[in-house]
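K.L.:
can't give you the sequence, but here's the structure:
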């Protein structure tokens, strides 16, 4: 997105020097947080905030299992597919601040699976 912003004809709120500085700072911070090359590459490829990357990393086993369960998604009924997509969004995407619109950047509340009271979904945060 930074690349697109800097290459549009519209005036930018950030100079090329500031943009480079932001990128360098992000790379330096990721290098401090992620000690292995493989982990750094995962963080870079996710294109999320450090907190978003860490949240996904903490959920990766559950997320992998959830995604693998949809191997035959196209064989499911439309209702089952829709339910799966809603669950993917509510459990794995919407809790990440980077994905929700800024005006909605509040921790979402979802009904409990048993239809009881709502539950609060919180993400783990790194201190940056």
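P.N.:
Thanks, I have it. Values in this document were obtained by computation on a predicted structure and should not be read as measured data.

K.L.:
mind checking pLDDT for the residue lying closest to residue 44 once chain neighbours are set aside?
P.N.:
Distances taken as C-beta to C-beta, 6 or more residues apart in numbering put residue 30 closest to residue 44, at 6.8 Å, once the chain neighbours are dropped. Backbone N, C-alpha and C define where each C-beta goes, glycine included. Residue 30 is assigned 79 on the pLDDT scale.

K.L.:
Tell me the spatial nearest neighbour of residue 63, not counting adjacent residues.
P.N.:
Closest residue to residue 63 apart from its sequence neighbours, by C-beta to C-beta, 6+ apart: residue 92 at 5.5 Å.

K.L.:
Secondary structure element holding the residue nearest to residue 44?
P.N.:
helix 16-33 (DSSP states H and E).

K.L.:
Give the buried residues for that helix.
P.N.:
Using 16 or more other C-beta atoms under 10 Å as the test for burial, helix 16-33 gives residue 30.

K.L.:
Thank you kindly, that will do.
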